[in-house]
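# From the sequence below, what's the structure:
(one chain, ligands or ions: 1)
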Amino acid sequence: MKHLVWFRNDLRTEDQYALWKATQQAEKVIGVYCFDPRHFALTPYGFPKTGAYRAQFLWESVRALKRNLEALNIPLWVFYGEPETTIPELVKTHGITTLFTTHEWTSEERKVTDALKVQMPRIAFHELQDGFLFHPEDIPYPAAKEIPEIFTEFRKKCEKLSKIRPLVEPKAMPKSNYEITPELPTLASCGITPQSADKRTAFPFKGGENKALARLEDYFYTTENLSQYKQTRNGLIGADYSSKFSPWLAHGCISPRKIYWEVQQYEAEICKNEDTYWLIFELIWRDYFRYISQKHGNKIFQLNGIVKQKYEWEFNARKFEKWTQGKTPEPFVNANMKELAATGFMSNRGRQNVASFWAKEWEQDWRAGAAWFESLLIDYDVHSNYGNWLYNSGVGNDPRDRKFNIRRQAEMYDPKNEYQDLWNT
Ligand SMILES: Cc1cc2nc3c(=O)[nH]c(=O)nc-3n(C[C@H](O)[C@H](O)[C@H](O)COP(=O)(O)OP(=O)(O)OC[C@H]3O[C@@H](n4cnc5c(N)ncnc54)[C@H](O)[C@@H]3O)c2cc1C
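Residues are numbered from 1 along each chain as shown. Now for the predicted structure:
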């Protein structure tokens, strides 16, 4: 059996189900990653779907994956091209019989997978559920339509009735499995001009599995910041107010299960408190939005979202420019938007405020805001981004439908104006 692992948002070797399965009883295993030109095209709003910060992080993550696979004697083929064009050719030249990949269900990803299946009818496709904390087969909801609309209900039932699966390791292949493959296409060939993040960045993010593990080691064991996580997570400045795991999770450089088991170890060895639990709590939010997107499908991209109530929305291009450039009447919103534009990152507190301002204060089409985040964020993840935008815009899973008082938020979370001074002056 000759196996191909098609990597997408799962750029790791440890605890990666598609790779793990592919390396069981295989005669040959190769990997493929495609920088899909459609991911670098312009959105209808006129800015790129993938901006320079995320593109750079992605490129670093793919390069790291290639090295880590090499250590397992597995070659990684990397193309700039659509998977529907490049993969069938690779399958033919390598006599591949079976394709392993992570199951993706959002419409753009689905279209690509389905087109590929049509083109390769003789290839056995294994799409594995991965990237969750609670595996879909282990949750107490047999069908996606049964996922509750209230997060707390989901969390409590999963915590009570589901177990987190142990980690899995791929098998190394014999040396004869390896073949030399071309270097990665450059970012320039994807139409990206590399851009370095502003020195004021909260974190100098670098892509790849090893960097993810290094951050985990640092945040848990070197600094023991995990012991204060719940108290500091609403911070705005610097590396350590929160874990900064999101870009690695979004690209699949680390699995949420790995983080979960590491928290268990930390709790056994160093300290167990509400703060250490809270990181798991937040990872459950991440899972929740994945399940919500499975449940509601394309509704998560639609103006009225998943609620029945209809709001009046407008799209004013001048307001959009002011919001994206950090030129609104609200200094706290401006500081956050400038940080995003200059670094590709923004704190969770900042994201909630700028989203609320755009959608609730100015009552503008929330999808434009979500598209801007998609372009800029290093940690862009379709489920978390659209799920949170729906939530903050009053068309998602927030039973309270809140609007943030931005001035009050700035007083509470930036009482000495340090954050606003950092970005607004
Ligand atoms: C409007 C809006 C858009 C967002 N878009 C994204 C996105 O595209 N990608 C993304 O990963 N997160 C998104 N978030 C969630 C959250 O802001 C980030 O995950 C978090 O700020 C990342 O920093 P951290 O890793 O230090 O988080 P930590 O506070 O250290 O949390 C640990 C992990 O828990 C998860 N998590 C925490 N908060 C949330 C949340 N509200 N929703 C889902 N998962 C969460 C993340 O995986 C995060 O890495 C968005 C939030 C808002 C309000």
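# Now do the phi/psi pair for the residue sitting furthest away from the middle of the chain.
Farthest-out residue of the chain from its mean C-alpha position, per CA atoms, centre = their mean: S176, at 34.8 Å. With angles defined as degrees, to the nearest 10, S176 shows backbone torsions of phi -60, psi -10.
# Any residues of this protein in contact with the ligand? List them.
Proximity of the chain to the ligand, by CB under 6 Å from any ligand atom, involves residues 233, 242-246, 249-250, 279, 282-283, 285-286, 289, 347-348, 351-352, 355, 373, 377, 379-381, 384-385, 388-389, 392. Glycine gets a C-beta too; all of them are placed from N, C-alpha and C.
# Sitting in helices, which of those residues do you find?
Residues of these located in helices (DSSP state H): 246, 249-250, 279, 282-283, 285-286, 289, 348, 351-352, 355, 373, 384-385, 388-389, 392.
# mind listing what E312 touches?
When contacts are counted by CB atoms under 8 Å, 6 or more residues apart in numbering, E312 touches E363.
# Can you classify it by secondary structure?
Assigned with DSSP: H, G, I helix; E, B strand; the rest coil, E312 falls in the coil class.
# what's the answer for H3, then?
Of the three states, H3 takes strand under three-state DSSP.
# And the pLDDT at it?
H3 carries a pLDDT score of 98 in this model.
# ok, now how distant is the residue farthest from the centre of the chain from the ligand?
Distance, S176 to the ligand, by CB to the nearest ligand atom, to the nearest Å: 39 Å.
# Give me the spatial nearest neighbour of that residue, chain neighbours excluded.
N73 (8.0 Å; CB to CB, 6 or more residues apart in numbering).
# quick one, phi/psi of the one you found?
phi 60, psi 30.
# Let me know whether it touches E179 as I believe.
No: contact criterion CB atoms under 8 Å: N73 and E179 do not qualify, at 9.6 Å.
# And these two? Which one has more around it.
N73 (15 against 12; other CB atoms under 10 Å).
# so how far is the ligand from that one?
Distance from N73 to the ligand, by CB to the nearest ligand atom: 32 Å.
# now stretch 233-250: how far from the chain's centre is it?
13 Å (CA atoms, centre = their mean, to the nearest Å).
# average model confidence for that stretch?
So the average pLDDT for stretch 233-250 ends up being 98.
# One more: stretch 161-169?
Stretch 161-169 comes out at a mean pLDDT of 98.
# can you give me how far that stretch is from the chain middle?
That offset, for stretch 161-169, works out to 20 Å (CA atoms, centre = their mean).
# hmm, who's touching that stretch?
Contacts of stretch 161-169 (CB under 8 Å, 6+ apart): 14-17, 20, 133-135, 138-140, 255, 257-258, 260-261.
# Tell me where the stretch 51-200 of the chain has helices.
52-70, 83-94, 107-119, 151-161 (DSSP state H, counting those that start in this stretch).
# just these: most buried one?
Stretch with highest mean neighbour count among these: helix 52-70 (a mean of 22; mean count of other CB atoms under 10 Å).
# which other helices and strands contact that helix?
Helices and strands touching helix 52-70, by 3 or more CB pairs under 8 Å, 6 or more residues apart in numbering; DSSP states H and E, are strand 28-35, strand 76-80, helix 209-217.
# and which of the contacts of stretch 161-169 is nearest to the ligand?
Ranked by distance to the ligand (CB to the nearest ligand atom), the contacts of stretch 161-169 are led by L133 at 9.7 Å.
# count of residues packed around the closest residue to the closest one other than its chain neighbours?
Spatial nearest neighbour of L133, excluding adjacent residues (CB to CB, 6+ apart): P256 at 4.3 Å. The number of residues packed near P256 is 22, by other CB under 10 Å.
# Equivalent analysis for E411, please.
12.
# Equivalent analysis for E361, please.
17.
# Kindly report the same for D381.
22.
# what sits against it?
Taking CB under 8 Å, 6+ apart, we find D381 in contact with N9, S246, L249, A250, R286.
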